[in-house]
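Enquirer: the following comprises the amino acid sequence and a computationally predicted model.
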Amino acid sequence: QVQPVESGGGLVQAGGSLRLSCAASGPIFGDNTMGWYRQAPGQQRDLVAVITSGGRSNYGDSVQGRFTITRVNGKNTVYLKMNNLKPEDTAVYYCKGFFGRVGDYWGQGTQVTVSS
């Protein structure tokens, strides 16, 4: 069983920074994609950023230029550095791994709250 586990959420003032981490354990083989999605109350879950094993990344429009996703391939670990946070960034942030034949898995989520 593959399990992504997030950490690093919390409360921060507008303009501040946070770093989220996600480590996936289990029988993961070959190239894969990992990333972050977020869901605010009453809204759909949206893409924040994803990154492939080869280092290609893709960002949601609202975070482009403020957030940076990186990964450590040997450990199937991804990080999300969030700068210049805004109140509208408040949401539960979920890690997701796309692990090919092994399947796709969500983490349990971590709360990020940005106060104005």
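Expert: Received the coordinates, thanks.
Enquirer: given the helix or strand hosting residue 12, what are its sheet partners and their directions?
Expert: Per DSSP states H and E, residue 12 falls inside strand 10-13. Strand pairing for strand 10-13, using DSSP bridges, gives strand 110-115 (parallel).
Enquirer: check contacts around the nearest residue to residue 5 once chain neighbours are set aside.
Expert: Using CB to CB, 6 or more residues apart in numbering and skipping residues adjacent in sequence, the residue nearest residue 5 is residue 23, 5.6 Å away. Using the backbone N, CA and C atoms, a C-beta is placed for each residue, glycine as well. Going by CB atoms under 8 Å, 6 or more residues apart in numbering, residue 23 touches 4, 5, 75, 76, 77.
Enquirer: could those residues be laid out in a markdown table, adding neighbour count and distance to residue 116?
Expert: As requested, these are exported to a markdown table (neighbours: other CB atoms under 10 Å; distance: CB to CB, whole Å):
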| residue | neighbour count | distance to residue 116 |
| --- | --- | --- |
| 4 | 22 | 30 |
| 5 | 14 | 30 |
| 75 | 10 | 36 |
| 76 | 20 | 36 |
| 77 | 18 | 32 |
